[in-house]
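Participant: sequence first, then the predicted structure:
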Amino acid sequence: QVQLQESGPGLVKPSQTLSLTCTVSGVSITTNYYYWTWLRQPPGKGLERMGFIRYSGTTYYNPSLRGRTSISRDTTKNQFTLRLNSVTPEDTGVYYCARRGILAGTSVFAYWGQGTQVPVSS
């Protein structure tokens, strides 16, 4: 059974770096052809895709985040990590990790972490 679990700090101060780790069980993050994705949902707004790291280790980031995002992985621990620099209160929200795959030609997020609330406040 595939499971994802986010972990990280409960509170981040403005200008600091937010760091979250997603621990995956039940499948290797190097398995073809999954994309391991970070998403977030600010209060009162919709889900935003922040970026992903592919099974191959290459990455993609949402341009709207203006280069503040990086995603890395530790294959020995089967984890991938999000780092978001120079946070502001607008980065407050619930952060999710998820596995994206292709099913019948359609992108599908079949597995999600439970989400972790990250407030950005001084």
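Facilitator: Nice, thanks for sending it over. Please read these numbers as outputs of a predicted model, since none were measured by experiment. Numbering: from 1, shown residues only.
Participant: hey, let's count contacts and neighbours off CA atoms from now on
Facilitator: Fine.
Participant: where exactly do the helices run in the chain?
Facilitator: Secondary structure of the chain (DSSP state H): no helices located.
Participant: what about it, which residue is the most distant from its middle?
Facilitator: Ala104 (24.2 Å; C-alpha atoms, centre = their mean).
Participant: residues contacting Arg49?
Facilitator: Taking C-alpha atoms under 8 Å, 6 or more residues apart in numbering, we find Arg49 in contact with Thr37, Trp38, Leu39, Arg40, Asn62.
Participant: how close does it sit to Ser122?
Facilitator: Arg49 is 26 Å from Ser122, where distance means C-alpha to C-alpha, to the nearest Å.
Participant: would you mind measuring from the nearest residue to Ile53 once chain neighbours are set aside to Ser72?
Facilitator: In this structure, Ile53 finds its nearest non-sequential neighbour in Thr59, 4.4 Å apart by C-alpha to C-alpha, 6 or more residues apart in numbering. Note on Thr59: its distance to Ser72, by C-alpha to C-alpha, is 8 Å.
Participant: do Leu84 as well
Facilitator: 12 Å.
Participant: ok, Ser25 next?
Facilitator: Taking C-alpha to C-alpha as the measure, Ser25 falls 17 Å from Ser72.
Participant: my guess is Leu39 contacts Cys97. True?
Facilitator: Yes. Using C-alpha atoms under 8 Å, Leu39 is in contact with Cys97, at 6.2 Å.
Participant: just list the residues touching the residue nearest to Ile53, thanks.
Facilitator: The neighbourhood of Thr59, defined by C-alpha under 8 Å, 6+ apart, consists of Gly51, Phe52, Ile53, Ile71.
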